[in-house]
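>>> Sequence first, predicted model second:
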Amino acid sequence: MVLVEDFKILDDNIESQKRQLSQLDNDLNWEKQIIESKIGEFQIQIQKNKNNLSSLWKNWVIPFVIASIAVLISIAIGTGSGLIHVLLVLFGALCLYVGLPILGIWLIVLIFKSISTSVNNSSINTSIADKQKSLLQIDEKFKERKSKFNKDIKELLKQRDQLLLREKEIERRKAIVEDIANILYKDTEKEVNITLIPTLINELYDIFTGLHSESMEELVINGSLGDFQNITGSIKSELSRLKKLALEAQKRGYYTGEEPEYENLSDSSGIMTRERAFEILRLKQTASKEGIKKAYKKLSQEFHPDKAERATESIKKLAEEKFKEIKTAYDFLTK
């Protein structure tokens, strides 16, 4: 697969985003549990304060009230004479002058304790409100981060879908090139190889090298659809033209039914000329030495025999001859 590495990177990114979201969810849940536990402790403390205050009122206030009532009753019924009356009056006075101040002091303490408890509970309620606000903030934070993560994951999945479409397009283009190479090219090659026309064979070899070149691979993977259609359409047209020329040549008797013999790469007299050398290197006769060198390097790489390993024997022979021709032309112009 052409885009395996791209798919791997995208899938890794998607999994990474999912792991981060899961980790965030765990961290926030843990933080929420701590806050909720603290809120529970605060609520218990409030209830405990209320219970303590209530206990104070029940355990002390009520007995003092009862005692006071008893004093008043004792005073009220101590209306007789004699020693009993005197004792009851003394007891009543003692309760009034001793018990009532103590009751008053205790009431002040209870009031202070009530106010203190109320203030403490209010502070705790404020803390609870703050913690509950923190919980809401955590929920909002999680929703916000989750929304961002989901958006990022959606974008990554979109990119993955685009990669899938691109991969399908690459496979489609490869199939087109393979059809050209395995069907149109071989069909044309069969007819051209019957003829004795080196020009047709040379042009056919140029198409072969083009179909199996790095440029074609780059076009299949990264080229625009328009460029791919134009170039493959041009190759099909060229193969069709070569086939028609080969068939026409056969009608005129340019064939032997055997592998064609390739002509010498020099001119008709067997001697390399300046004009012929420039033609072979595809240069104008005004080209500089640097231009000649660049053209030689490019053509020698393009027509190197090693690139014809998958070709037929006739094409392999042609590649060798073509390579020699290029070398001969370069040596002629640079000697």
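In hand now; what should we look at?

>>> mind listing the helices in the stretch 201-335 of the chain by residue range?
Counting by DSSP state H, counting those that start in this stretch, the stretch 201-335 of the chain forms helices over residues 214-222, 225-251, 274-280, 289-302, 313-334, given from the N-terminal end onward.

>>> quick one: buried residues of the longest one?
Just to be clear, that refers to helix 225-251. Neighbour-count burial for helix 225-251, counted by 16 or more other C-beta atoms under 10 Å, picks out 228, 231-232, 235, 238-239, 242-243, 245-246, 249. Every C-beta, even on glycine, is put in place using the N, C-alpha and C of the backbone.

>>> swap in the first one?
If you call a residue buried by 16+ other C-beta under 10 Å, then helix 214-222 has these buried ones: 216, 219-220.

>>> And the third one, by the same measure?
Residues of helix 274-280 classed as buried by neighbour count (16+ other C-beta under 10 Å): 276-278, 280.

>>> now the stretch 51-200 of the chain, which segments are flagged as low pLDDT?
Using pLDDT under 70 as the threshold, the predicted model of the stretch 51-200 of the chain has low-confidence ranges 53, 55-100, 102-103, 106-107, 196.

>>> Which parts of it are helices?
Defined through DSSP H, counting those that start in this stretch, the helices belonging to the stretch 51-200 of the chain, from first to last, are 62-77, 83-94, 100-179, 185-192, 198-211.

>>> Adding mean neighbour count, write those helices out as CSV.
Listed next are the helices of the stretch 51-200 of the chain as CSV, based on neighbours: other C-beta atoms under 10 Å:
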stretch, mean neighbour count
helix 62-77, 13
helix 83-94, 13
helix 100-179, 13
helix 185-192, 19
helix 198-211, 19
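
>>> Measure how the helix or strand harbouring I34 sits relative to helix 100-179, angle-wise.
Element membership for I34, per DSSP states H and E: helix 4-56. Interaxial angle, helix 4-56 versus helix 100-179 (axes from the mean of the first three to the mean of the last three C-alpha atoms, to 10 degrees): 170 degrees.

>>> S224: neighbouring residues, count only.
Around S224 there are 9 other residues, counting by other C-beta atoms under 10 Å.

>>> Distance check, it against L163.
Relative to L163, S224 is positioned 17 Å away (C-beta to C-beta, to the nearest Å).

>>> Same question for F228.
Plainly put, F228 is 18 Å away from L163 if you go by C-beta to C-beta.

>>> do L225 as well
From L225 over to L163 the distance is 16 Å, taken as C-beta to C-beta.

>>> same question, S234
Here the criterion is C-beta to C-beta. By it, S234 lies 29 Å from L163.

>>> Ok, which of the helices of the stretch 201-335 of the chain comes nearest R19?
Closest of those to R19 is helix 214-222, at 31.6 Å (criterion: C-beta to C-beta).

>>> So what's the gap between the helix holding I34 and the chain middle?
Mean-position distance between helix 4-56 and its chain equals 27 Å (C-alpha atoms, centre = their mean, to the nearest Å).

>>> now stretch 199-209
Centre to centre, stretch against its chain (C-alpha atoms, centre = their mean), the figure for stretch 199-209 is 45 Å.

>>> try stretch 142-160
Using C-alpha atoms, centre = their mean, the offset of stretch 142-160 from its chain centre is 9 Å.

>>> Ok, stretch 215-235 next?
Averaging C-alpha positions (C-alpha atoms, centre = their mean) puts stretch 215-235 29 Å from its chain's average.
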